[in-house]
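[1] Following is a predicted model, sequence given first.
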Amino acid sequence: MAVGIEAVNAYVGQASLGVPQLFEARGLDDRRRGNLMMERKSVNLPCEDPVTNAVNAARPLVDELTPQERDRIELIVVGTESGLDFGKPISTYVQHYLGLGRRCRSFEVKHACYGGTAALQTAAGIIATSPVPGAKALVIAADASSVVARDTYWEPSQGAGAVAMLVGGAPAVLALDPGANGYHSFEVMDTLRPRPDLEAGDSDLSLMAYMECVVHSFAAYRERVPSADLTTTFDQLVFHTPFAGMVKGAYRRLRRAQAPAGPREIDHDFAERVEPCLRYATQVGNVYSAALYLALCSMIDHVRLDAPKRVGMFSYGSGCASEFYSGVVSPEGGRQLAGRGIAAAIADRQPLTMQQYELISDLGVERMSGVRDHAYDVTPYAEVYENRFAGRGLLVLDKVVDFHRRYRWS
């Protein structure tokens, strides 16, 4: 039985900030901006959180289903590193606000940015063994950055958003290659969220861990698939993208380990087979558990899919876990994704002034986990809210009552 992604959609937020603008305001060394390869980043409003990102990504997929198809969703799993409670998953909110049936599994998984892949592979395994004809899973990778890391080089890459995937037996978007997976994981304290209001870590250590994992997970993949060749097996390659410059360095490292060549040949190969997956990341920033799947959307939207193509996928999560796996994308999946209008949504976000960005960032702590009671007043950022949310039917955070989050449609 073929299993994989039947449909996919991304939510990229409604507001954005220019990275050159941020570099200038923070007095950062502009020479390092080229290493980041970042142009803009998405910014969540204080009335947005991982739940709203998840639901706003998934709703178009769910709305397209017939009642019978909706009833076949027997699993809702959310991969996130932005959980809102030590016990309660955000998948229950997703289930409720999307109006999905109660006869299904529902849970949340966590392993930093690897969480989206953990969710997808778990769902694929469950669906592959389900005795129910046409069984489906709703998989969502959703995150929201914590308080911005002001005056650091982390800040320009901090994005916001989610990618939702419908997983089942008619995988037009990505048919997974069964058993073609390579893993590499170990204990390392590279990046972490020790408190709701803090993202911390060692950027150099994180880069080294990522580099080690891309080499060793692909080597493990080749043990499972001995015929695999980095340069000939895969039509395209898709990488987890904290920032695009990191992927460029990682691919050079992988080529040196697997298929050494001169700089010109490697750069040409990178431009042809890797660069298309990075285009959305340069405009949205790091969406954590969703980053690999936004990169998949970027690749599909920017490559000519006139025939099925095999794709190599590299997933990484700090702490750390990594996986290299593969699958096949189809022309049908390309046509389907084109109708989602992700590129148009990225272009349509409202640009923020630095003053608006600072205010929104300061108020962002109010949407973090641990808030017991709060009502979300949009007045301080009314211009952005009225332009981008009012009357658009997007889910927003309305209030927290004794830790229970209440949402409404804008």
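    Perfect, thanks for sending it.
[2] Residue ranges in the stretch 301-410 of the chain under the pLDDT threshold?
    Within the stretch 301-410 of the chain, no range satisfies pLDDT under 70.
[3] Where do the helices of it begin and end?
    Ranges of helices within the stretch 301-410 of the chain are 331-338, 342-348, 354-363, 382-388, based on DSSP state H, counting those that start in this stretch.
[4] Mind giving me the packing neighbours of the second one?
    Translated: helix 342-348. strand 4-11, helix 291-302 (3 or more C-beta pairs under 8 Å, 6 or more residues apart in numbering; DSSP states H and E). C-betas here are computed from N, CA, C, even on glycine.
[5] list the buried ones in stretch 246-259?
    Across stretch 246-259, burial judged by 16 or more other C-beta atoms under 10 Å covers Met246, Val247, Lys248, Ala250, Tyr251, Leu254, Arg255.
[6] Mind listing residues that contact it?
    Residues outside stretch 246-259 that contact it (C-beta atoms under 8 Å, 6 or more residues apart in numbering) are 37, 207, 210-211, 214-215, 218-219, 229-231, 237, 239, 241, 261, 266, 269-270, 274, 277-278, 314.
[7] One more pass at 7 Å, please.
    Contacts of stretch 246-259 with the rest of the structure, by C-beta atoms under 7 Å, 6 or more residues apart in numbering, involve 207, 210-211, 214-215, 218, 230-231, 239, 241, 261, 266, 270, 274, 278.
[8] Could you export the helices and strands packed on helix 342-348 as TSV, including distance to Asp71 and mean neighbour count?
    Formatted as TSV, the helices and strands packed on helix 342-348 follow (distance: least, C-beta to C-beta, whole Å; neighbours: other C-beta atoms under 10 Å):
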stretch	distance to Asp71	mean neighbour count
strand 4-11	16	26
helix 291-302	25	26
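[9] Export these to a markdown table and append columns for distance to Lys399.
    Formatted as a markdown table, the helices and strands packed on helix 342-348 follow (distance: least, C-beta to C-beta, whole Å):
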| stretch | distance to Lys399 |
| --- | --- |
| strand 4-11 | 22 |
| helix 291-302 | 30 |
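[10] So which of the ones you listed is nearest Gly333?
    helix 291-302 (6.4 Å; C-beta to C-beta).
[11] tell me the angle that closest one makes with strand 4-11.
    With axes from the mean of the first three to the mean of the last three C-alpha atoms, to 10 degrees defining the directions, helix 291-302 sits at 90 degrees from strand 4-11.
[12] Helix 291-302 to helix 331-338, inter-axis angle?
    Angle of helix 291-302 versus helix 331-338, following the same axes, to 10 degrees, is 100 degrees.
[13] Drop anything exposed from the contacts of stretch 246-259.
    Burial by neighbour count, 16+ other C-beta under 10 Å: within these this picks out Tyr210, Met211, Val214, Val215, Phe218, Leu230, Phe239, Thr241, Ile266, Phe270, Val274, Leu278.
[14] how about those, which pair is most distant?
    Spatial extent of those (C-beta to C-beta) is set by the pair Val215 and Leu278 at 19.5 Å.
[15] Look up how far Ala54 lies from Tyr357.
    23 Å (C-beta to C-beta, to the nearest Å).
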